[in-house]
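Peer 1: need a structure here:
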Amino acid sequence: MKFKISKWLMLCLFILNVEMTQAQKNDYVWPMGSHGFGTLEQTLEDSISKEFWPFSLNFNNDPMQIDYFPKRRFVFHATNGSYSRDDGSLFCYTNGMEIFGRNDTVIVGGDTICYNEYWDTNVHWMTGDRTGSNIFQGALFLPMESSADEEILILLNAVFDYEPGVVHSIWYTLIDEACNGGLGCVIKKDIVLENKIYKNNIQACRHANGRDWWIIAISEDNVTYFTFLLDPSGIRLIHAQSIGKESLPLSVGNGAFSQQGDKFGAVDGRYWDSTGVVSIFDFDRCSGLLSNPFFDTLVIPEGSLGQGAVFSPDGRWFYTNSMNNLYQYDIKDLSKARFHLATYDGFRAGEIGSTQFGFLGNRA
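Peer 2: All right, here's what the predicted structure looks like:
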């Protein structure tokens, strides 16, 4: 049976993707929304629909709670990352251009991150607001096991080059949580890890040892999968596997690990009419190697916002979308045709965007 996606499901589930860790309660608060470049007075006047009120999805409550912050002056584009303390309270968040703390002001040293000639193109010409990086799944916070008070922010940064144009490289920033009375400070920033041409998503999974982290980035042509290791000595490249299926350049999509860490999936495709690639792999949390690739194609209609990728909490199902349609794959038997799960009902302007499971199994 096929279902239509109701207005309430659209409101709760399909939003821009957020990247967090899944240790302790470090992923319990997801700041989102923006003030729409209006003044504070204009934002507060919008008290009925709250359309331009910044908000956070708070998974410290069951069911998940939406908290509004009309005085929060921050803009998210596509890049969105946040980090909560072990008790679930928000510590900091980023749009790929700056880092704000729990008091909704910039943390020390966080006013400009990933700064280069491309950074200035994302500053609003009239208000001066940093409008945020436009890279989906482009920010990832992880704890530094070498220090109880440090986090690493791994970012995909757009770097302008005449050949082939705008490319994505991997940069990182280190944050001291205890600094400045617990409000946090940037202690190192804009460190270039790799200057290759990457696709628009990075994902992380706990190592089987329970301490370290595996991070996966994908080449622009979807063929090479790069696996990095974050351990007490730092972050470094471990594997470069030519295991993917070639896809069109300039594509937009998402990637995801299963919660069990034994599967990795990715979906991509251009904004306009094209054929995207669905990729699902086995993942070894001990070695960091991908294996047993499965590929499928997905028609991407014109104007698609981006393709989501998410596993069910039990790892049995893999979900993806193409603008107005939601699909499901059976991980136990990928030889089965994908199932057309739902169709967007057109209640509000827009379409199905990126997806992510929250801590309580709520799909966002």
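
Peer 1: could you find the closest non-adjacent residue to the residue nearest to the spatial centre of the chain?
Peer 2: Centroid-nearest residue in the chain: Q137, 2.9 Å away (criterion: C-alpha atoms, centre = their mean). Excluding its sequence neighbours, the residue lying closest to Q137 (C-beta to C-beta, 6 or more residues apart in numbering) is N201, at 3.6 Å. (Glycine included, C-beta is placed from N, CA and C.)

Peer 1: which element, helix or strand, includes the one you found?
Peer 2: Per DSSP states H and E, N201 falls inside strand 198-206.

Peer 1: so which elements touch whatever helix or strand comes next after that strand?
Peer 2: Once the chain leaves strand 198-206, the next helix or strand it forms, by DSSP H and E, is strand 213-219. Other elements packing on strand 213-219 under the criterion 3 or more C-beta pairs under 8 Å, 6 or more residues apart in numbering; DSSP states H and E are strand 139-143, strand 198-206, strand 224-231.

Peer 1: what sits closest to I300 if chain neighbours are left out?
Peer 2: With C-beta to C-beta, 6+ apart as the criterion, I300 has its nearest non-adjacent residue at 3.5 Å, and that residue is G269.

Peer 1: isn't that neighbour up against V252?
Peer 2: Yes: when contacts are counted by C-beta atoms under 8 Å, G269 is listed as touching V252 (7.0 Å).

Peer 1: which residues do the two both contact?
Peer 2: Common neighbours of G269 and V252 (criterion: C-beta atoms under 8 Å, 6 or more residues apart in numbering): Q307.

Peer 1: looking at those two, which is more packed in?
Peer 2: Neighbours per residue, other C-beta atoms under 10 Å: of G269 and V252, the larger number sits with G269, 27 against 24.

Peer 1: now do that one against F294, distance only.
Peer 2: G269 is 17 Å from F294, where distance means C-beta to C-beta, to the nearest Å.

Peer 1: again, but for S169
Peer 2: From S169 across to F294, the span is 29 Å (C-beta to C-beta).

Peer 1: please apply the same query to S279.
Peer 2: S279 is 7 Å from F294, by C-beta to C-beta.

Peer 1: so which of these two has more stuff around it?
Peer 2: Neighbours were counted for S279 and for F294 using other C-beta under 10 Å; S279 has more, 25 against 17.

Peer 1: and this structure, what are its domains?
Peer 2: Following automatic domain parsing, one finds the domains of the chain at 1-17+199-364, 20-195.

Peer 1: and those as a markdown table, adding mean pLDDT?
Peer 2: Shown next, in a markdown table, are these (pLDDT from 0 to 100):
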| stretch | mean pLDDT |
| --- | --- |
| domain 1-17+199-364 | 82 |
| domain 20-195 | 84 |
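
Peer 1: does the residue nearest to the centre of the chain touch F257 like I think?
Peer 2: No: between Q137 and F257 there is no contact under C-beta under 8 Å: 11.9 Å.

Peer 1: so what sits against both of those two?
Peer 2: Residues touching both Q137 and F257 (C-beta under 8 Å, 6+ apart): Q203.

Peer 1: and stretch 247-255, end to end?
Peer 2: With C-alpha to C-alpha, to the nearest Å as the measure, the first residue of stretch 247-255 is 15 Å from its last.

Peer 1: how many neighbouring residues does A139 have?
Peer 2: Neighbour count of A139, defined by other C-beta under 10 Å: 29.

Peer 1: tell me what it is bridged to.
Peer 2: Bridge pairing for A139 (DSSP bridges) gives the partners L155.

Peer 1: just checking, D120 is part of a helix?
Peer 2: Yes: checked against DSSP: H, G, I helix; E, B strand; the rest coil, D120 lies within a helix.

Peer 1: ok, now how distant is it from T112?
Peer 2: Taking C-beta to C-beta, one finds D120 at 10 Å from T112.

Peer 1: tell me which of these two has more neighbours.
Peer 2: Between D120 and T112, counting by other C-beta under 10 Å, T112 is the more crowded of the two (15 against 10).

Peer 1: OK, contacts around T320?
Peer 2: Neighbouring residues of T320 by C-beta under 8 Å, 6+ apart: G265, V267, V278, L298, Q307, G308, A309, V310, L326, Y327, Y329.

Peer 1: the same query, at a cut-off of 10 Å, please.
Peer 2: By C-beta atoms under 10 Å, 6 or more residues apart in numbering, the contact list for T320 reads 253-254, 256, 265-267, 269, 276, 278, 280, 296, 298, 307-310, 326-329, 338, 341, 352, 355.

Peer 1: likewise N60?
Peer 2: Contacts of N60 by C-beta under 10 Å, 6+ apart are K25, Y28, V29, D67, S84, D87, G88, S89, L90, F359, L360.

Peer 1: give me the phi and psi for C179.
Peer 2: phi -60, psi 150 (degrees, to the nearest 10).

Peer 1: looks like it contacts G110 (just checking).
Peer 2: No: using C-beta atoms under 10 Å, C179 is not in contact with G110, being 11.1 Å away.

Peer 1: mind listing the shared neighbours of these two?
Peer 2: C185, V186.

Peer 1: tell me which of these two has more neighbours.
Peer 2: Neighbours were tallied for C179 and for G110 using other C-beta under 10 Å; the higher tally belongs to G110 (22 against 17).

Peer 1: fine by me, thanks again.
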